[in-house]
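Novice: kindly return the folded structure for what I paste below:
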Amino acid sequence: MLRFQNLQSLPFLKVSAMKLIPRLDLLQQLHSLRGTPDIKVITGVRRSGKSELMRSFLSSIEKEPDANIVYIDLTDLGNEPLKEYHALHKYVQERLKPDLVNVLCIDEVQLCDNFELAINSIHSKGQWDIYLTGSNAFMLSSDLATLFTGRYVEVHVYPFSFKEFRQYFDEGDVNAQFDEYVTTGGMAGSYLYDTNQGRSSYVRAVYNTIVNRDIVQERSITNVAGFNALAEFLMDNIGNLTSANSISGALTGGGKPSSHVTVGSHIGYLCESFLFYKVKRYDIRGKRYLETEDKYYLADQGFRWAVLGTRNMDYGHVYENIVAIELMRRGYDVYVGKLYKKEIDFVAMRASEKLYIQVSDDISSPGTLERETDPLLRIRDAYPKILLANTKHDEYDVEGIRVVDMARWLAG
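Specialist: Numbering: from 1, shown residues only. Down below sits the predicted model:
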């Protein structure tokens, strides 16, 4: 069996020299795909842990006696010759062992020019179980179907959840940790720094790499100032219904003129890089999806803190951002609900399951509680209805609506 070096012996994500955090749900997802004919592509925003997940997966299978594992890290200078696709193809095929289960894992595959030609040729022979990671600048979701002629499946990695954040920091006081997580977020690399300034600098550097290298350079964007203004506008308006037209008007009024067509395409680039996620609207009464006005949520609220600081900090919308990403992390399809003139923050669907969710900061006053529960009470079907708020109390019930403390729901 071909062995590989410098992999952890346990299925854990390494986030520092001392600390290991399990990401067992993601590992289980990868294991459930073993042996399928699909090309498995691990996707997600930069520094969310894609490469570490692959190494953890390999660590969990390396001792299997029938496994022939070929692991190639194209950031390793020792693999420099494999950045030519003919050489990569030859290297892999020479290591095929027909009597074993052949597993091919390539990290940062985009560093090989025309890598898709090698991967498609290897995949077409049906002899390898293939796993890939790559920079989003080269392996955007919209490009995968074009790159790979065979079937592929994405395994999506998000930044650390609040539950993982608590595991990293040894599960201290849930309320204090939630307040910290709301600000600094789930970019695990930032946890190595002892100060907020150090953490913020790390996250801002990741953000600048995504915006300026992965998008501006790769997409040849000429109006860099306008593009940066757009990204900051979306960060400052998370949770607000927007359209390309309305954003174009706001940017033009702010001295950063840009057409709605340009705004629309640039928003697409931000979403393809997984920096933002678009959430469409859903008409609950008509049971149909609406095409006008969407909401955009950051991959991690820490980006907003690192780039914009705490100015105009709307905690209600930040909480909404955290809940939206957590629902996606848990495998739900997420929509903004519309019922007549009322809005329900989220309609979350997963197979036959459906949840209606409202998110609020403070519901201590009767008026606020009534305002938040009223849209949910108007829904006439029997699917569960949940109000997530910063209650700091155990769960209770209001006319059939579960009122749940947000920190405890996230930590569950």
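
Novice: just give me how far the helix or strand harbouring L27 sits from the chain centre.
Specialist: L27 belongs to helix 24-32 when assigned by DSSP states H and E. Distance of helix 24-32 from the chain centroid (Cα atoms, centre = their mean, to the nearest Å) equals 16 Å.

Novice: hmm, who's touching that helix?
Specialist: 11, 40, 53, 56-57, 60, 131, 155, 157 (Cβ atoms under 8 Å, 6 or more residues apart in numbering). Placement of C-beta: from N, CA and C, glycine included.

Novice: same question, stretch 382-390
Specialist: So stretch 382-390 is contacted by 319, 323, 354-363, 372-373, 376, 379, 398, 400-407, 409 (Cβ under 8 Å, 6+ apart).

Novice: got it, and stretch 312-329?
Specialist: Contact with stretch 312-329 is made by 158, 161-162, 181-182, 236, 238-240, 277, 279, 297-301, 304, 334, 345-346, 348, 357, 359-361, 388, 390, 406, 410, as judged by Cβ under 8 Å, 6+ apart.

Novice: neighbours around V347, how many?
Specialist: Look at V347: counted by other Cβ atoms under 10 Å, it has 25 neighbours.

Novice: which other helices and strands contact the host helix or strand of it?
Specialist: Take DSSP H and E as the rule and V347 turns out to sit in strand 342-350. Applying 3 or more Cβ pairs under 8 Å, 6 or more residues apart in numbering; DSSP states H and E, we find strand 342-350 packed against helix 315-329, strand 333-339, strand 353-360, helix 366-377.

Novice: ok, the shortest one: who's next to it in the sheet?
Specialist: Each strand paired with strand 333-339, and its direction, by DSSP bridges: strand 276-283 (parallel), strand 342-350 (antiparallel).

Novice: closest to G226 out of those?
Specialist: G226 lies closest to strand 276-283 among the strands paired with strand 333-339, at 16.6 Å (Cβ to Cβ).

Novice: max-length strand in the protein?
Specialist: Longest strand of the chain, by residue count under DSSP state E: strand 288-298.

Novice: tell me what angle that strand forms with strand 276-283.
Specialist: 150 degrees (axes from the mean of the first three to the mean of the last three Cα atoms, to 10 degrees).

Novice: next one: phi and psi at I72?
Specialist: phi -130, psi 120 (degrees, to the nearest 10).

Novice: now it, nearest residue through space, not along the chain?
Specialist: On the basis of Cβ to Cβ, 6 or more residues apart in numbering, the spatially nearest residue to I72 that is not a chain neighbour turns out to be I106, at 4.8 Å.

Novice: dihedrals phi and psi, the one you found?
Specialist: Dihedral angles for I106 - degrees, to the nearest 10 - are phi -120, psi 120.

Novice: okay, and the beta partners of it?
Specialist: Beta-bridge partners, per DSSP bridges, of I106: I72, L132.

Novice: gap between it and P37?
Specialist: According to Cβ to Cβ, to the nearest Å, I106 stands 17 Å off from P37.

Novice: can you redo the helices and strands packed on strand 342-350 as TSV with mean pLDDT?
Specialist: Listed next are these as TSV, based on pLDDT from 0 to 100:
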stretch	mean pLDDT
helix 315-329	96
strand 333-339	95
strand 353-360	97
helix 366-377	95
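
Novice: so which of these gets nearest K83?
Specialist: Across these, closest to K83 is helix 315-329 (Cβ to Cβ), at 33.4 Å.

Novice: perfect, I'm done here.
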